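Student: The sequence isn't on hand, but the structure is:
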């Protein structure tokens with residue numbers, strides 16, 4: 001993580017089984033990054049039972065790609081909840097709609 005006051009953000013992208021989670025874990029351990037996973041955020045939204053969660057559940061069941069604005073919205077909510085951090089690593093698929 002950077003020593004100045006600007007946050008460092010790293011995006012780790014790749015397909016299933018590419019090692020994104022492993023690399024993110026190493027960044028967390030070595031540099032103290034906060035780890036956000038797109039898949040984890042979407043699964044949590046589904047577990048919430050909310051209207052948005054039901055929409056995500058349906059799309060996932062159909063094998064459809066969840067729109068980027070939905071995923072980014074979930075990331076934004078969590079990032080705001082976490083508060084200011086100096087280093088963040090985001091894990092997600094490189095597939096977009």
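Tutor: Cool, the structure landed. Everything numeric in this text was worked out from a predicted model, so none of it was measured.
Student: mind listing the strands for this structure?
Tutor: With DSSP state E as the criterion, the chain has strands at 8-13, 34-37, 87-92.
Student: Count the neighbours of residue 66 for me.
Tutor: Around residue 66 there are 19 other residues, counting by other C-beta atoms under 10 Å. No exception for glycine: its C-beta is placed from N, CA and C like everyone else's.
Student: Ramachandran coordinates for it?
Tutor: phi -70, psi 130 (degrees, to the nearest 10).
Student: Report the separation between it and residue 44.
Tutor: 13 Å (C-beta to C-beta, to the nearest Å).
Student: thinking again about what came up before, need the strands of the chain in TSV with mean neighbour count and distance to residue 72, can you?
Tutor: Putting the strands of the chain into TSV (neighbours: other C-beta atoms under 10 Å; distance: least, C-beta to C-beta, whole Å) gives the following:
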stretch	mean neighbour count	distance to residue 72
strand 8-13	15	12
strand 34-37	18	11
strand 87-92	20	10
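Student: Ok, which of those comes nearest residue 81?
Tutor: Set against residue 81 and scored by C-beta to C-beta, the strands of the chain come closest in strand 34-37, at 10.7 Å.
Student: Adjacent strands (with direction) for the closest one?
Tutor: Strand pairing for strand 34-37, using DSSP bridges, gives strand 87-92 (parallel).
Student: For residue 25, which of the strands of the chain is the nearest?
Tutor: Per C-beta to C-beta, nearest to residue 25 of the strands of the chain: strand 34-37, 7.4 Å.
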